[in-house]
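Q: sequence and predicted structure, then a few things I'm wondering about:
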Amino acid sequence: MYLGLPSLVGRLKKRVFGFIKDRLWKRLQGWRAKKISRAGKTVLIKNVATAVPSYCMSSFLLPRSMCKEMEVMLNNYWWQSSTSDRRSINWVVWDGLSMSKCQAKYVWTFINKPQSLVSRFFKAKYFPNLHVLQAKLGVGSSFIWKGIVTARNKIMHGYRWVLEDGEIIKCCQEPWLIAKADFRVDQTHNYVDINIRVVDLFVPGSKDWDVSIVGSTFSANDAALILSTVFLEFPVLIA
């Protein structure tokens, strides 16, 4: 252990992180001995109980089965009557009362603070020539990086690129076209080069669209929308 976190994580992840479940169980057992209102239980769960695994979850992706077991523990405590040891009826599904935590804050740091030490370290090791939103898992990826990629995939739903220079945006694969609801060009169109970048659509040496390239690459509807897109003058990556 180092700073309260496992220094080594092997294959038996539930055993390695079992101390988190034990700490949570001890907390809940202490609260069960007291008469606490439903509102009081809500405060304890939100501000105390969820803080027990949160510190570790900020660095590691805990096993899904273990997270489910801790959710069951919290669920049982919340619904249990303060005047009886018997289990009460669960009137609402737990998914409607809770939200999962993940390592998305690392992804946000990589995007907004690229010069920070942690951003430069991960970029040099895992995506030296790519943006974090384009990075993939490689052979021998660490447990922490796997968790970050999983969190990245969650926050990618609904994001889009904001155009600056178009150097790294693959226009046939990524969301960037602001005039469309899903921000993507027609995915059923037959593209000659699916790796073409936005910058390749410009007239060389400028940020003006090359009408002939845009017209020959995309469908008529997408081409019209692209040619009407105006570039921003400040470097923002996603919205």
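A: Okay, I see it. Numbering: from 1, shown residues only.
Q: which residues are in contact with residue 152?
A: Counting by CB atoms under 8 Å, 6 or more residues apart in numbering, residue 152 makes contact with 104, 107, 132, 133, 135. C-beta here means a position set from N, CA and C on the backbone, and glycine is covered the same way.
Q: where in the chain is pLDDT low?
A: For the chain, residues meeting the criterion pLDDT under 70 lie at 1-4, 6-8, 10, 81-103, 158, 231-239.
Q: could you chop it up by domain?
A: Segmentation of the chain into domains, based on automatic domain parsing, reads 13-96, 104-155, 158-239.
Q: so which of the ones you listed comes closest to residue 5?
A: Distance to residue 5, taken as CB to CB, is lowest for domain 13-96 among the domains of the chain, at 6.0 Å.
Q: what segments of the protein are helices?
A: Counting by DSSP state H, the chain has helices at residues 13-16, 18-32, 38-44, 51-57, 64-79, 104-112, 117-126, 143-155, 211-217, 220-227.
Q: and residue 119, how far from residue 194?
A: As for residue 119, its distance to residue 194 is 29 Å (criterion: CB to CB, to the nearest Å).
Q: look at these two and report which has more neighbours.
A: residue 119 (17 against 10; other CB atoms under 10 Å).
Q: that one contacts residue 113, correct?
A: Yes: contact status for residue 119 versus residue 113: in contact at 5.7 Å, counting by CB atoms under 8 Å.
Q: pretty sure residue 170 contacts residue 199?
A: No: when contacts are counted by CB under 8 Å, residue 170 is not listed as touching residue 199 (10.6 Å).
Q: what is the neighbour count of the closest residue to residue 171 other than its chain neighbours?
A: Nearest non-adjacent residue to residue 171, counting by CB to CB, 6 or more residues apart in numbering: residue 198, 4.8 Å away. Residues near residue 198, counting by other CB under 10 Å, number 23.
Q: show me the contacts for residue 198.
A: 163, 166, 167, 169, 171, 176.
Q: who wins on neighbours among those?
A: With neighbours taken as other CB under 10 Å, the top of the contacts of residue 198 is residue 171, carrying 27 neighbours.
Q: which ones are touching it?
A: 177, 185, 196, 197, 198, 201.
Q: so which of the residues you listed is the closest to residue 143?
A: For the contacts of residue 171, the nearest to residue 143 is residue 197 (32.8 Å; CB to CB).
Q: bridged to the closest one, which residues?
A: Residue 197 has these beta-bridge partners by DSSP bridges: residue 170.
Q: quick one: end-to-end length of stretch 197-207, please.
A: For stretch 197-207, the first and last residues are 13 Å from each other (CA to CA, to the nearest Å).
Q: could you verify my assumption that residue 169 touches residue 175?
A: No: between residue 169 and residue 175 there is no contact under CB under 8 Å: 9.3 Å.
Q: intersection of neighbour lists for the two?
A: In contact with both residue 169 and residue 175: residue 161, using CB under 8 Å, 6+ apart.
Q: quickly note the distance from the residue nearest to residue 171 to residue 211.
A: From residue 198 over to residue 211 (counting by CB to CB), the distance is 15 Å.
Q: re earlier: turn the helices of the chain into CSV, including distance to residue 5.
A: CSV is the format used below for the helices of the chain (distance: least, CB to CB, whole Å):
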stretch, distance to residue 5
helix 13-16, 10
helix 18-32, 10
helix 38-44, 24
helix 51-57, 6
helix 64-79, 15
helix 104-112, 15
helix 117-126, 15
helix 143-155, 10
helix 211-217, 49
helix 220-227, 47
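Q: to residue 189, which of those lies closest?
A: Of all the helices of the chain, helix 220-227 comes closest under CB to CB, at 7.4 Å.
Q: pull out the buried residues from that closest one.
A: For helix 220-227, burial by neighbour count (16 or more other CB atoms under 10 Å) applies to 222, 223, 225, 226.
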